[in-house]
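> please find the sequence and the predicted model below.
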Amino acid sequence: MRHGFILVVMLFTAVTARPAAATTPDEVGLFIGTPVDWKVGELAGQYFYSDEQGHRWTVKLKPGDKVDGKPQSVNMTVSADGIQPASLSIDISDSDDNGTLAVYNFDAGLPTFLTTHYTNGAHCCYDVQAVVFNGKTLVATDVDSYDGGVDVRDIDGDGTYEIDTIDQRFLYAFDGYDWSRAAREIDKVRDRDTVAVTSDPQYQPYLMAELDRELAECDADPGPGMCAGPLGTAAVLGIYQSAAASVPFEKIDNNNRGASYLTCSKDDCGKAIKFQNYRQALEYRLKDWGYNTSSSLNDKGRAFLRRFAAFTKGFGAPALPCGKDAFQVRLDKNEQFAEIGTPGHICRVEKINVLENAAIALGFCSMTTNSSLLIAMELDGDELSMSMIDKGVLDAKSAPGTIKACR
């Protein structure tokens, strides 16, 4: 029995104790969404990827010219049978000689070969370059430089990828880096362009979740940098005015008298401007950067909400009795949004899509925690029906169901 055990050990050792794999293999396979690391001196002879359309793509990374023995660049070439190759050069002259390589489909069936490279610095930057197949040809492009890293993933679950990042203009604009939050930005790489797709409707649930997280930080530590980013995200969602109603602008002003963001130079603004307060400075910047800070509540939405508000005593049910606890719908004095709910449990509705007697509204709700929710509303005579839609799922428990007008 002992001899049998020794034989098994010897056989196991013979199988597992193979020489270590070479650090410069001839060929490395690439898989969608899975980055591989590269380093000068350890580069593969080539990388390959086979797509569903039958193309076999080859990627070659080679060191460029040297100065004092150090390569100044890495050259990347992508090719496939019958398709003209495309090349780009990654500058490593003042930084580390390593990075990542990955293949992504930013649009179905169109592979993009994307490389990232850290250029050194306390926060910035990761330079991103790509060779993109546009369906006919390969084109090389500089994607962008991203602060703090690059997160490429399928945000909306449709099988294609996005770059999940931030609008870096917010960093340092209102406070120091560590005390600043930036609005979310979602990019796609298409041909030679980096296209911002943040406002596309399929990303609304993700932006709502991010807004909730960002506004919680603003609420916990209300500062000019902490609150600017989430308000930018709210503007993309079309609920800037209703989200802004929860921000303590007066407190921020009291704590930041004489702050540098209250002035804008002629070079930056076209003329020298002295802002009266933080909100004025913030909204000037947001508008200048292309964000819409006006109310998204249109005339059709206002007319729909006025029908609810016409029931001045509100709506009631056994769990929500008429009187001081009645469920109310009221437009704010400038009709930029409507407040709906009971005392202490208010949702501010600003973005609304109306279909006859029913509507889907995007609301920012102040309950045990602040959160953004989609709200389904219907008015049938003097009966109000409502349901909350959280992450695309109806939650009947969080809504009063059908309640009747108070008389």
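Done, it's in.
> C-alpha only now, for contacts and for neighbours.
Will do.
> which residue ranges of the stretch 101-250 of the chain form helices?
204-220, 224-237, 240-244, 249-255 (DSSP state H, counting those that start in this stretch).
> want to throw the ones you listed into JSON lines with distance to T198 and mean pLDDT?
Compiled in JSON lines, the helices of the stretch 101-250 of the chain are given as follows (distance: least, Cα to Cα, whole Å; pLDDT from 0 to 100):
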{"stretch": "helix 204-220", "distance to T198": "8", "mean pLDDT": "92"}
{"stretch": "helix 224-237", "distance to T198": "8", "mean pLDDT": "97"}
{"stretch": "helix 240-244", "distance to T198": "15", "mean pLDDT": "94"}
{"stretch": "helix 249-255", "distance to T198": "26", "mean pLDDT": "96"}
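> between those helices, which gets nearest to E378?
With Cα to Cα as the criterion, E378 lies closest to helix 240-244 of the helices of the stretch 101-250 of the chain, at 21.1 Å.
> could you say which helix or strand holds the closest residue to V329 other than its chain neighbours?
Spatial nearest neighbour of V329, chain neighbours left out: I340 (4.4 Å); criterion: Cα to Cα, 6 or more residues apart in numbering. For I340, the host element (DSSP states H and E) is strand 338-342.
> list of residues touching the helix or strand following that strand?
Downstream of strand 338-342, the first helix or strand assigned by DSSP H and E is strand 345-355. Residues from elsewhere that reach strand 345-355 (Cα atoms under 8 Å, 6 or more residues apart in numbering): 238-239, 241-242, 295-297, 300-301, 304, 336-341, 359-367.
> picking that back up, what sits against the residue nearest to V329?
Counting by Cα under 8 Å, 6+ apart, I340 has contacts F327, Q328, V329, R330, I346, C347, R348, V349.
> and the strands in the stretch 1-150 of the chain?
Using DSSP state E, counting those that start in this stretch, the strands of the stretch 1-150 of the chain run over 27-29, 36-39, 46-50, 56-63, 66-67, 70-71, 73-80, 83-91, 98-107, 110-118, 126-133, 138-146.
> looking at the ones you listed, which is nearest to G290?
Here strand 138-146 is closest among the strands of the stretch 1-150 of the chain (Cα to Cα), at 19.0 Å.
> and S87, what are its bridge partners?
Beta bridges link S87 to T77, judged by DSSP bridges.
> residues in contact with it?
Here S87 is in contact with N75, M76, T77, V78, V131, A140 (criterion: Cα under 8 Å, 6+ apart).
> on that earlier part again, just name the most buried of the helices of the stretch 101-250 of the chain.
When the helices of the stretch 101-250 of the chain are scored by mean count of other Cα atoms under 10 Å, the highest mean neighbour count falls to helix 224-237 (a mean of 27).
> as a markdown table, the strands of the stretch 1-150 of the chain with distance to K271 and mean pLDDT would be great.
Conversion of the strands of the stretch 1-150 of the chain to a markdown table gives the following (distance: least, Cα to Cα, whole Å; pLDDT from 0 to 100):
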| stretch | distance to K271 | mean pLDDT |
| --- | --- | --- |
| strand 27-29 | 55 | 92 |
| strand 36-39 | 48 | 95 |
| strand 46-50 | 53 | 96 |
| strand 56-63 | 48 | 96 |
| strand 66-67 | 46 | 93 |
| strand 70-71 | 46 | 92 |
| strand 73-80 | 42 | 97 |
| strand 83-91 | 38 | 97 |
| strand 98-107 | 41 | 96 |
| strand 110-118 | 37 | 96 |
| strand 126-133 | 33 | 96 |
| strand 138-146 | 29 | 95 |
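> make CSV out of these and add distance to V197.
Listed next are those as CSV, based on distance: least, Cα to Cα, whole Å:
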stretch, distance to V197
strand 27-29, 30
strand 36-39, 26
strand 46-50, 27
strand 56-63, 28
strand 66-67, 40
strand 70-71, 37
strand 73-80, 26
strand 83-91, 25
strand 98-107, 11
strand 110-118, 17
strand 126-133, 18
strand 138-146, 14
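> of all those strands, which one is nearest L374?
That would be strand 98-107 among the strands of the stretch 1-150 of the chain, by Cα to Cα, at 28.0 Å.
> and the most centrally placed residue in the chain, what are its bridge partners?
The C-alpha lying nearest the average C-alpha coordinate of the chain belongs to R184 (Cα atoms, centre = their mean; 4.0 Å). With DSSP bridges applied, the residues forming beta bridges to R184 are I166.
> how near is it to K274?
28 Å (Cα to Cα, to the nearest Å).
> in stretch 101-115, what's buried?
Within stretch 101-115, the residues scored as buried using 16 or more other Cα atoms under 10 Å are 101-107, 110-115.
> before we move on, back to that, and the strand holding I340, which strands flank it?
strand 328-331 (antiparallel), strand 345-355 (antiparallel).
> redo the ones you listed as a markdown table? Include mean pLDDT and mean neighbour count.
A markdown table is the format used below for the strands paired with strand 338-342 (pLDDT from 0 to 100; neighbours: other Cα atoms under 10 Å):
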| stretch | mean pLDDT | mean neighbour count |
| --- | --- | --- |
| strand 328-331 | 93 | 22 |
| strand 345-355 | 91 | 22 |
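> closest one to T233 among those?
Using Cα to Cα, these put strand 345-355 closest to T233, at 14.0 Å.
> quick one: that closest one to helix 224-237, angle?
30 degrees (axes from the mean of the first three to the mean of the last three Cα atoms, to 10 degrees).
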